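> Okay, predicted coordinates and the sequence, questions at the end:
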Amino acid sequence: RGLFHLATPALPPIIAALVRKDEWGTLDAGGGGKNYVGQTDEEADESPTYQFESLDTPWTDIEALAGNAAAKTAFRAAFSSPALAPFKAPRAALLELRDKIESMLDILKETEQVLPLYNSETLNLLRERYKDTLGELKLGDSTKSFLKIDKMLDHLEYDDTYNRAVPPTEASNRAALPVEAGKIMDTVVPLCRALSDAQNALDVAWRSSEDGHDNKGVPFLHKLRWDLLVASGVDLGEEKTHKAKHDYLYGEDGGKPCLRTRFYFTHNSHLQNLLIALSRPNGRKDRSTNIANTPVERAVFARLGFLAHFVIQLIRKRSTGDLRVTCHLRQSDGAEKIHLFDLPLQEVDAWFNDLLKSVPDPSLATTSETSQSPP
């Protein structure tokens, strides 16, 4: 419900289909479509990750964990940023972040609230949000505080966007953070953002490596490949009604072109895993294991923000019937569009099929388990 109350043009005006979750925890598009089993938060927390000796390890030494050149470039850009450059190791930066946030909470504690904050939140609730997160992360005390730093960034970016200032039209209905707290936000938001960028580069580098290799992002390709093939008119033995409509619209006497839309919600970690899968070396000649020479390889190490968009479109040239697949990414709702690829459908299908060779189809596994379960 809250998603549709966002004051942003990021959402499309028409949503043709939404994904529901069934009793098996699979995302089902309905109408006989393939399913996708997503990774739970608990599974994500248990996933292996990179390790470094302590939070006092210099950034330059941690950089070696980044592996390939693209990851090292992203990591170096983060710790060399103006906000993070004064700190030679993670611990000092995390402790500075903790001290600044605690100072901000002290200011808010002394502030008398007259009007509510954004979405009717009180200052007490806002303080509790930060206190809970500080208690969970224990900034500067363990490596976990660096691995999970994005949890703090979520709060900071939210308040910087919605509670830092109030539009004139809403000044009589809600309050903004005190000026002194806003000045602290000027420091802590870029610092926390740089720490998150550094952590993300290391995390993606690990999951892209042989040691950290997993197929968590690949199963979703089953669904995307199925959507593309059905939209192209291929008879997969499913969705007979749509096949009949397709034949009518694109036959010799075809009428207006039809538009199939599939709109999926998922966690950013799943989208990041999908980008990792697409960036891995395969049979395509334009791929390299050492240099980020494609848009996908360059985009994979970027931290995804709120409402990141991953769009795949099938385009038919009516004069020739040729089919091409275009793909673009927005790292957040207000970010610029990044074009990832524009290829013939046949090449994309072969590419996806190659990635899926060793990955079981989760929908088939679910069907098999269901059929074998006792009545």
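Here it is on my side, so go on.
> can we go C-alpha only for contacts and neighbour counts from here?
Will do.
> next SSE after the helix ranked longest in the chain?
For the chain, the helix that runs over the most residues, judged by DSSP state H, is helix 179-208. Later in the chain than helix 179-208, the nearest helix or strand by DSSP states H and E is helix 219-232.
> For that following helix, which helices and strands make contact with it?
Applying 3 or more CA pairs under 8 Å, 6 or more residues apart in numbering; DSSP states H and E, we find helix 219-232 packed against strand 35-37, strand 309-316, helix 345-356.
> again, only this time at 10 Å
Contacting helix 219-232 under the criterion 3 or more CA pairs under 10 Å, 6 or more residues apart in numbering; DSSP states H and E are the following elements: strand 26-28, strand 35-37, helix 240-249, helix 268-279, strand 309-316, strand 323-330, helix 345-356, helix 362-372.
> what's the longest helix of the chain packed up against?
Judged by 3+ CA pairs under 10 Å, 6+ apart, the packing partners of helix 179-208 are helix 69-79, helix 90-109, helix 144-147, helix 150-162, helix 268-279.
> Throw the ones you listed into TSV and include distance to residue 302, thanks.
What follows is the helices and strands packed on helix 179-208, written out as TSV (distance: least, CA to CA, whole Å):
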stretch	distance to residue 302
helix 69-79	8
helix 90-109	20
helix 144-147	16
helix 150-162	13
helix 268-279	9
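> looking at it, residue 272 is touching residue 302, isn't it?
Yes - with contact defined as CA atoms under 10 Å, residue 272 reaches residue 302; the gap is 9.1 Å.
> Give me the more crowded residue out of those two.
Using other CA atoms under 10 Å, the more surrounded residue of residue 272 and residue 302 is residue 272, with 22 against 18.
> Disregarding flanking residues, what is the spatial nearest neighbour of that one?
residue 300 (6.9 Å; CA to CA, 6 or more residues apart in numbering).
> who's in contact with the one you found?
By CA atoms under 10 Å, 6 or more residues apart in numbering, the contact set of residue 300 is 70-71, 74, 200-201, 204-205, 208, 271-279, 292.
> Retrieve the pLDDT associated with it.
Turning to residue 300, the model gives it a pLDDT of 83.
> try residue 73
88.
> Could you double-check that it lies in contact with residue 205?
No - with contact defined as CA under 10 Å, residue 73 does not count as touching residue 205 (11.1 Å).
> Find residues that contact each of these two.
Common contacts of residue 73 and residue 205 (CA under 10 Å, 6+ apart): 66, 301.
> Of the two, which one has the most company?
Neighbours were counted for residue 73 and for residue 205 using other CA under 10 Å; residue 205 has more, 28 against 14.
> Give me the nearest residue to that one, chain neighbours excluded.
Nearest residue to residue 205, sequence neighbours excluded (CA to CA, 6+ apart): residue 66, at 5.4 Å.
> got a list of what the one you found touches?
50, 72-76, 198, 201-206, 208-209.
> who wins for proximity to residue 317 among the helices and strands packed on helix 179-208?
In terms of CA to CA, the element of the helices and strands packed on helix 179-208 nearest to residue 317 is helix 268-279, at 25.6 Å.
> ok, residue 263 to residue 223 distance?
For residue 263, the distance to residue 223 (CA to CA, to the nearest Å) stands at 12 Å.
> and the end-to-end length of stretch 328-339?
Chord length of stretch 328-339, first to last residue, is 4 Å (CA to CA).
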